[in-house]
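Asker: Here's a sequence, model it:
(chains A and B)
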There are 2 protein chains.
Amino acid sequence: MSLLVTGSIGIDTVKTPYGVSENCLGGSAVYFSMAASFFAPVRLVGVIGSDCPFDLAKVFADRNVDLAGLEVRNNSKTFRWAGSYRADMDDRKTDRLELNVLAEAPPTVPAEYKDSEFVFLANTAPALQKQLLEQIESPVFVAADTMDCWIESRLDDLKLLLKKINALIINEDEARMLAGRSNLVEASEKILDMGPPVVIIKTGQSGSITCNGAGQRFVLPACPAGEVKDPTGAGDSFAGALMGYLAQNNKTDFESLKTAIAYGTVVASFAIADFSLTGLTSISKTDIDDRLKALRELTQF
Amino acid sequence: MSLLVTGSIGIDTVKTPYGVSENCLGGSAVYFSMAASFFAPVRLVGVIGSDCPFDLAKVFADRNVDLAGLEVRNNSKTFRWAGSYRADMDDRKTDRLELNVLAEAPPTVPAEYKDSEFVFLANTAPALQKQLLEQIESPVFVAADTMDCWIESRLDDLKLLLKKINALIINEDEARMLAGRSNLVEASEKILDMGPPVVIIKTGQSGSITCNGAGQRFVLPACPAGEVKDPTGAGDSFAGALMGYLAQNNKTDFESLKTAIAYGTVVASFAIADFSLTGLTSISKTDIDDRLKALRELTQF
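Answerer: All right, here's what the predicted structure looks like:
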């Protein structure tokens, strides 16, 4: 089934204890698309400036990523982000942020994408996410990400969005902030009350906790990673594989969601093993399936 | 098979956001024995002062806990601990500590316990743990706990102990401190190099990560807990159920260890649901088996 993502395309500079990656390709829509493309064709909606040094057609060559929704805006500049990670890789600091084209009007969803069935709204202002979603005619399953700054400054917009989506994928600190509860089970129940039938809370190195409105739950640890070189894009790679798996199988029941989350966990573990997109571009679907099998063995008793 | 525990018996005062429990029965050997007794008979080795207000024979009535190793020392005072937990229950502060009888000579292992096959050395000075262990003739499987203060001040003693045991059960912060590695997979490999064939790292609300020298791994999340009233004793209850299950089945292979860890996880989740021992004394083996089944469903995909 068709899978659409709206999100950022950026020029990243990342410092980790393993080194520095300067002016590399990044952005939520890029990580998502790369991860999802192992499972299903992807329709990418995003915008860059004319300064963007990357040829996305080449980046996604042979990857089943449709770039009809990529808008190159003349006289605008591409989004830039620079960040650094501490030794434990758990927390990151933004060193520089240039929204550039992301501070302008959002891209338009092309007419041929309006029939998209699976939709991922990567993190941006919730009013924009809603505006993008309204351009899709009758989506089957919509997931969205958000972050602390929108919970703090755009809570009303976010609450409107939460009533329009099928799943919220959120970090544990953001879940606590949104719900006003430190206990994650209580937090997920509070968030379910806000509208989305499914809440997926990412707990970093601990993995994820998923709850739905029918009282079903799924807890999965992260793949134990011996070496984490660059955590950038982990969350969007997780979402990409998750949504890619659902779209591939055209299923949204809880059992399918569990397998989708396991694939998300596996693909995220590859993403963080190297800088920028290298962790994702250097693997095959067989590598992913092998690690899924290993994750199953690692967690079953 | 026979299961012996050496550890503390204490008078605890615990403050949590749910209330205060004053002068209640606590201590590592008490929580361990209560948890283990669901699975196998327990031999308790510990010492109290003549001031101890608790009748342990009554506490463990019908629980298959042998108290021949309980020494009541006249003219000594029982160990006391007072602590409080913050709102998120993740971190605790010691408000008062009176070692009392724990600062004196350790108890003697009774002659009839010297043939014990499964042994748990609850947290105390590693030289004392080693001294207690040396009184057991030919143990089959020995697990030990330790804590930050011994890693800091008695590292040489601890390293000697690590060569004598089969499994170290340790908190994540302590594992990082002992290994000098923040990544838990790397930390567990460093600790395996120090001697114990198995390392079980408890990651609090995240669960546990287990590794052995043969490269086998097991990652299990904690049971998602809606209400945590008092985390005191969680680690010792985990160890109690784990060792109880192994002793009950007289097995120490990795598959058995995985099930043992799952039982430990389940019993710890009951222990923290109420103050002092109430979480453990108010349940049956059927409750434990039901939650084990739920944990399996929660984690399988």
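
Asker: Next, find the distance separating A:Ile165 from A:Phe39.
Answerer: 20 Å (CB to CB, to the nearest Å). For the C-beta atoms, the positions are set from N, CA and C on the backbone; glycine is no exception.

Asker: hmm, I was thinking of A:Val45
Answerer: Note on A:Val45: its distance to A:Phe39, by CB to CB, is 18 Å.

Asker: show me what contacts A:Glu112?
Answerer: Counting by CB atoms under 8 Å, 6 or more residues apart in numbering or on different chains, A:Glu112 makes contact with A:Ala68.

Asker: hang on, it in a helix?
Answerer: Yes: under DSSP: H, G, I helix; E, B strand; the rest coil, A:Glu112 sits within a helix.

Asker: Quick one: the strands in chain A, in order.
Answerer: With strands called from DSSP state E, chain A shows them at A:3-6, A:10-16, A:19-26, A:42-49, A:65-73, A:79-85, A:92-98, A:118-121, A:141-145, A:167-171, A:198-202, A:208-212, A:217-220.

Asker: I'd like these laid out as TSV, including distance to chain B.
Answerer: Listed next are the strands of chain A as TSV, based on distance: least, CB to the nearest CB, whole Å:
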stretch	distance to chain B
strand A:3-6	21
strand A:10-16	13
strand A:19-26	16
strand A:42-49	24
strand A:65-73	27
strand A:79-85	12
strand A:92-98	15
strand A:118-121	20
strand A:141-145	18
strand A:167-171	14
strand A:198-202	10
strand A:208-212	6
strand A:217-220	4
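
Asker: Select, out of those, the one closest to A:Thr299.
Answerer: A:Thr299 sits nearest to strand A:217-220 of all the strands of chain A, at 6.8 Å, using CB to CB.

Asker: Pull the distance from the closest one to the chain's centre.
Answerer: In terms of CA atoms, centre = their mean, to the nearest Å, the centre of strand A:217-220 is set 19 Å apart from its chain centre.

Asker: Sheet partners, orientation included, of that strand?
Answerer: Paired with strand A:217-220 in the same sheet, following DSSP bridges, are strand A:208-212 (antiparallel).

Asker: Which positions in the stretch 51-200 of chain A make contact with chain B?
Answerer: Residues of the stretch 51-200 of chain A lying close to chain B by CB under 8 Å from any CB of the partner chain are A:87-89, A:182-186.

Asker: same thing with the stretch 201-301 of chain A?
Answerer: With CB under 8 Å from any CB as the criterion, the stretch 201-301 of chain A meets chain B at residues A:203, A:205-207, A:209, A:217-222, A:224-228, A:255, A:258-259, A:261-262, A:296, A:298-301.

Asker: Who are the contact partners of A:Phe218?
Answerer: By CB under 8 Å, 6+ apart, A:Phe218 lies in contact with A:208-210, A:254, A:257-258, A:261, B:298-299, B:301.

Asker: can I assume A:Val42 is in contact with A:Met1?
Answerer: No: between A:Val42 and A:Met1 there is no contact under CB atoms under 8 Å: 11.6 Å.

Asker: more crowded one of these two?
Answerer: Set A:Val42 next to A:Met1 and count neighbours by other CB atoms under 10 Å in any protein chain shown: A:Val42 wins out with 29 against 15.

Asker: What residues does that one make contact with?
Answerer: Shown in contact with A:Val42 (CB under 8 Å, 6+ apart): A:3-5, A:32-33, A:36, A:64-66, A:240, A:244.

Asker: swap in A:Pro110?
Answerer: A:Pro110 neighbours (CB under 8 Å, 6+ apart): A:45, A:68-69.

Asker: Please repeat the previous calculation with a cut-off of 10 Å.
Answerer: A:4, A:43, A:45, A:66, A:68-71, A:135 (CB atoms under 10 Å, 6 or more residues apart in numbering or on different chains).

Asker: ditto for A:Glu22
Answerer: Listed by CB under 10 Å, 6+ apart, the contact set of A:Glu22 reads A:11-15, A:82.

Asker: at 6 Å what do you get?
Answerer: Going by CB atoms under 6 Å, 6 or more residues apart in numbering or on different chains, A:Glu22 touches A:Thr13.

Asker: And it, what's its pLDDT?
Answerer: What the model reports for A:Glu22 is a pLDDT of 95.

Asker: Please apply the same query to A:Val185.
Answerer: Looking at A:Val185, its pLDDT reads 88.

Asker: what's the answer for A:Asp90, then?
Answerer: pLDDT for A:Asp90: 67.

Asker: repeat for A:Ser84
Answerer: For A:Ser84, the model assigns a pLDDT of 93.

Asker: thought it was touching A:Thr16?
Answerer: No: counting by CB atoms under 6 Å, A:Thr16 is not a contact partner of A:Ser84; they are 7.2 Å apart.

Asker: Give me the more crowded residue out of those two.
Answerer: A:Thr16 (21 against 14).

Asker: Not counting its neighbours along the chain, what's nearest that one?
Answerer: Of all residues not flanking A:Thr16 in the chain, A:Tyr85 sits nearest, at 4.5 Å (CB to CB, 6 or more residues apart in numbering or on different chains).

Asker: Same check on A:Pro106?
Answerer: Going by CB to CB, 6+ apart, A:Pro106 has A:Leu128 as its nearest residue, at 5.1 Å.

Asker: before we move on, what about A:Leu277?
Answerer: Spatial nearest neighbour of A:Leu277, excluding adjacent residues (CB to CB, 6+ apart): A:Met34 at 5.7 Å.

Asker: what number of residues lie near that neighbour?
Answerer: Number of residues near A:Met34 (other CB under 10 Å) recorded here: 26.

Asker: same question, A:Leu97
Answerer: Neighbours of A:Leu97 under the rule other CB under 10 Å: 13.

Asker: Tell me who's in contact with it.
Answerer: Each residue near A:Leu97 by CB under 6 Å, 6+ apart is listed here: A:Trp81.

Asker: if you set the cut-off to 8 Å instead, what comes out?
Answerer: By CB under 8 Å, 6+ apart, the contact set of A:Leu97 is A:80-82.

Asker: State the distance from the nearest residue to A:Glu174 once chain neighbours are set aside to A:Asn171.
Answerer: Using CB to CB, 6+ apart and skipping the chain neighbours, the partner closest in space to A:Glu174 is A:Asp148 (5.5 Å). Between A:Asp148 and A:Asn171 the distance, using CB to CB, works out to 8 Å.

Asker: Those two: who's more crowded?
Answerer: Higher neighbour count among A:Asp148 and A:Asn171: A:Asn171, with 17 against 12, using other CB under 10 Å.

Asker: pretty sure the more buried one contacts A:Ile200?
Answerer: No: using CB under 8 Å, A:Asn171 makes no contact with A:Ile200, being 10.3 Å away.

Asker: give me the number of residues near the residue nearest to A:Pro106?
Answerer: 17.

Asker: roughly how far apart are it and chain B?
Answerer: The spacing between A:Leu128 and chain B, counted by CB to the nearest CB, to the nearest Å, is 33 Å.

Asker: Straight-line length of stretch A:174-183, end to end?
Answerer: Stretch A:174-183 stretches 12 Å from its first residue to its last (CA to CA, to the nearest Å).

Asker: List the residues that contact whichever residue of the stretch 151-300 of chain A sits closest to chain B.
Answerer: Residue nearest to chain B within the stretch 151-300 of chain A: A:Ser206 (3.6 Å; CB to the nearest CB). Contacts for A:Ser206 (CB under 8 Å, 6+ apart) come out as A:221-222, B:203, B:205-207, B:221.

Asker: Direction included, what does the helix or strand of chain A with the lowest mean pLDDT pair up with?
Answerer: The weakest-scoring helix or strand in chain A, judged by mean pLDDT, DSSP states H and E, is strand A:92-98 (a mean of 89). If you go by DSSP bridges, strand A:92-98 pairs up with strand A:79-85 (antiparallel).

Asker: Quick check, A:Leu44 in contact with A:Val65.
Answerer: Yes: assessed by CB under 8 Å, A:Leu44 is found in contact with A:Val65 at 5.7 Å.
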